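Colleague: have a look; sequence and predicted model below, questions after that.
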Amino acid sequence: MTGAPADLESRDERFARLLREHGAALTRLASAYERDADDREDLMQEIAFAVWRALPLYRGECSERTFIFRIGHNRAVTHLARGRVRRSRLEAGAVLEALPDPRPDPAARTLEAERRARLADAVRRLRPSLRQVVVLVLEGLPHAEIAEVLGISVNAVAIRLTRARAEMTALFEEGGTS
Amino acid sequence: MSDPAASSFEWSALAARWTGEARSAALDAQALRAHVTREMQRARAWLVVELLLTGLVLGGGAWALAFHRSAFTLLLTADAWVVLAVVWGFAVWTRRGTWRIVGERTETYRLLALRFARARVATAWLVLALLALQLGIVTAAPGAVHAGWHATAAARSAAGAVAIIYLLWAVWLRRRALREIRRLG
């Protein structure tokens, strides 16, 4: 973690810093739950509000990254359970993959965009329990930290990853973008 | 299967794709902060409305007892105050710890979210029970009270409208909470 020591920061400064440091990861997390841009924005707002409300309760028992991922996944769980899901108005994987790609070669860009779309769609089609583990693995968290975020054992993380791998392989093989 | 990372299933290659530059757009932190401010204002406004309504019921009851004391106003005030106490007690009990849990481990959070969803089902049943109780009191009240209740058509219409609104709200709340329980489970 970077930035000023947490106890010297105001709530506002801390909130801004956390969004700066983890905002991209939270955006990707939201994209694992919502394909539609409006739905994703709704989820991001819910997560941001939850982070704000939870900040005074953070006592440093875990890393800030763990804390932020917990809040992100928790709000996503509620978001899905409450069914605030509009029917997607876009083709599979078309939203987050619409972000600009800086590479000059159009063919390479298209191919990479397709692969990103397929990956994002496969992740979204996993059951939430597997999706959570996969998102955290893709964000580069070690198994122990994933277990800490989700409140499951490291063994359970490994088991879920094995299942997720099997399901994602099947999704990739069938094209994964229905 | 033209994707090597997918075919050999290399998590690291997939992770590079997942976190790649093109998928890491910056957040609009200011817009999110503005949203937080709006939500906080809305929460405060709701609290003020709830407190005002509570004050209205308490004050109105006290005024009725002081200046229009009768068997009818006594029953009406006692009934309103008891309902108020039950509703506040229940609201505090079901909302306790709501925000504390958001930083919990996800599995713990899921179980707590299930508990809160069940509490919302209980809230719906409580509302239905209170409505049934009110109906029972009105129909079974002794003569003087009954006459008082029927004194004005406006009061009856208002009470009926409120009862219907609460009934519909309870049905909606219960359906929504049951759906949430299904999905969380």
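Modeller: Yes, it's here.
Colleague: for chain B, what are the low-confidence residue spans?
Modeller: Scanning chain B for pLDDT under 70 picks out B:1-9, B:21-26, B:96-103, B:141-152, B:154-155.
Colleague: do the particular helix or strand that has residue B:44 in it and chain A meet?
Modeller: Using DSSP states H and E, residue B:44 falls within helix B:29-67. Yes - interface with chain A: helix B:29-67 contributes B:29, B:32-33, B:35-36, B:39-40 (C-beta under 8 Å from any C-beta of the partner chain). Yep, even glycine has a C-beta here, placed from its N, CA and C like the rest.
Colleague: give the buried residues for that helix.
Modeller: B:29, B:32-33, B:35-36, B:39, B:57, B:61, B:64 (16 or more other C-beta atoms under 10 Å in any protein chain shown).
Colleague: closest one to residue A:165 out of these, please.
Modeller: residue B:32 (33.9 Å; C-beta to C-beta).
Colleague: domain assignment for chain A?
Modeller: Annotated domains of chain A cover A:1-88, A:105-178 [automatic domain parsing].
Colleague: pLDDT (mean, whole number) over the longest one?
Modeller: Same thing as domain A:1-88. The pLDDT scores in domain A:1-88 average 83.
Colleague: about what we covered before: quick one: the domains of chain A as CSV, columns for distance to residue B:44 and mean neighbour count too.
Modeller: Formatted as CSV, those follow (distance: least, C-beta to C-beta, whole Å; neighbours: other C-beta atoms under 10 Å in any protein chain shown):
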stretch, distance to residue B:44, mean neighbour count
domain A:1-88, 13, 18
domain A:105-178, 32, 18
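Colleague: I'd like those as TSV, with distance to chain B appended.
Modeller: As requested, these are exported to TSV (distance: least, C-beta to the nearest C-beta, whole Å):
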stretch	distance to chain B
domain A:1-88	4
domain A:105-178	3
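Colleague: that older thread, following the chain onward from the helix holding residue B:44, which element is next?
Modeller: Heading C-terminal from helix B:29-67 (DSSP H and E), you reach helix B:71-95.
Colleague: for residue B:166, give me its contacts.
Modeller: B:127, B:130-131 (C-beta atoms under 8 Å, 6 or more residues apart in numbering or on different chains).
Colleague: and the residue of chain B that's closest to chain A?
Modeller: With C-beta to the nearest C-beta as the measure, residue B:105 is the residue of chain B nearest to chain A, at 2.6 Å.
Colleague: what's the closest non-adjacent residue to that residue?
Modeller: Leaving aside its sequence neighbours, residue B:105 sits nearest to residue A:151 (C-beta to C-beta, 6 or more residues apart in numbering or on different chains; 2.6 Å).
Colleague: dump the residue contacts of that neighbour.
Modeller: B:104-109.
Colleague: could you identify the most distant pair in the residues you listed?
Modeller: Every pair of the contacts of residue A:151 checked by C-beta to C-beta; the farthest is B:104 and B:107, at 8.6 Å.
Colleague: what pLDDT does the residue nearest to residue B:105 get?
Modeller: 88.
Colleague: for chain A, what spans make up the helices?
Modeller: A:11-33, A:37-54, A:64-81, A:106-125, A:128-138, A:143-150, A:154-173 (DSSP state H).
Colleague: packing partners of the last one?
Modeller: In other words, helix A:154-173. helix A:106-125, helix A:128-138, helix A:143-150, helix B:4-8 (3 or more C-beta pairs under 8 Å, 6 or more residues apart in numbering or on different chains; DSSP states H and E).
Colleague: excluding chain neighbours, what is closest to the most centrally placed residue in chain A?
Modeller: For chain A, the residue nearest the mean C-alpha position is residue A:29 (1.3 Å; C-alpha atoms, centre = their mean). Of all residues not flanking residue A:29 in the chain, residue A:72 sits nearest, at 4.6 Å (C-beta to C-beta, 6+ apart).
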